[in-house]
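*Asks:* 3D, please:
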Amino acid sequence: MSVPTSTSTSTATATGSVRPVRSVLAGAAACGALLLGAVVAAPSVASAAPEPPAAPVASAAPAASPVSVTVDPVGLIAPDGRRVTLSGTYRCTDASGPVLVGSSVRQEPAVTRYGVGGTRAQCDGRTHRWENTGSVPSDALKAGAADVEVTLVELRPVGGLPLPLFHASLRQDITLDRG
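*Replies:* Numbers count the residues shown, from 1 in each chain. Here you go, the predicted model:
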């Protein structure tokens, strides 16, 4: 049995750099990351066909990526510190299985990430809002700077077994405000 992979998958970081992810090990690591609420992002791909010599030169903006995920710069934490709400947008196409938007959050100096809910995605090529709310241990998080990861993952049926196919992932610094 083979693990489905996407040849155009990449990882985006908060600094904006994009690194290709092409190995099966990355897919396996991403499976584990899904359980923790991690994320992967597909890059914008622009291709230009060579122009015939006699044709006039035309310029066009590159097409937007058919897959994307964002995180809003501000999340909410309940006054008691036990409920967290994160939100943003996503866009995806061509899914043959259910697609989920998973998210997680952590604050320094802790290394523990806390999963914050999950949302079923609609992959119709349009941009949609997502919002995940989840519970965290008391005093695990507080208002202030936080690191969020969001993942757009499809559970694609392969031989009757749903295997994860990561469409998009983003890690971003945000602010948690008391809500």
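*Asks:* Is Val74 bridged to anything, and to what?
*Replies:* Beta-bridge partners recorded for Val74 (DSSP bridges): Thr175.
*Asks:* Measure how buried it is and give me the count.
*Replies:* If you count neighbours by other Cβ atoms under 10 Å, Val74 ends up with 13. C-beta here means a position set from N, CA and C on the backbone, and glycine is covered the same way.
*Asks:* Now do the contacts for it.
*Replies:* Residues counted as contacts of Val74 (Cβ atoms under 8 Å, 6 or more residues apart in numbering) are Ile174, Thr175, Leu176, Asp177.
*Asks:* How much space separates the third one from Val84?
*Replies:* Going back to what we said before, that points to Leu176. Counting by Cβ to Cβ, to the nearest Å, the gap from Leu176 to Val84 is 7 Å.
*Asks:* what touches both of those two?
*Replies:* With Cβ under 8 Å, 6+ apart, Leu176 and Val84 have common neighbours Gly75, Leu76, Ile77, Val105, Leu141.
*Asks:* Using neighbour counts, trim the residues you listed to the buried set.
*Replies:* Buried subset of these (neighbour count, 16 or more other Cβ atoms under 10 Å): Gly75, Leu76, Ile77, Val105, Leu141.
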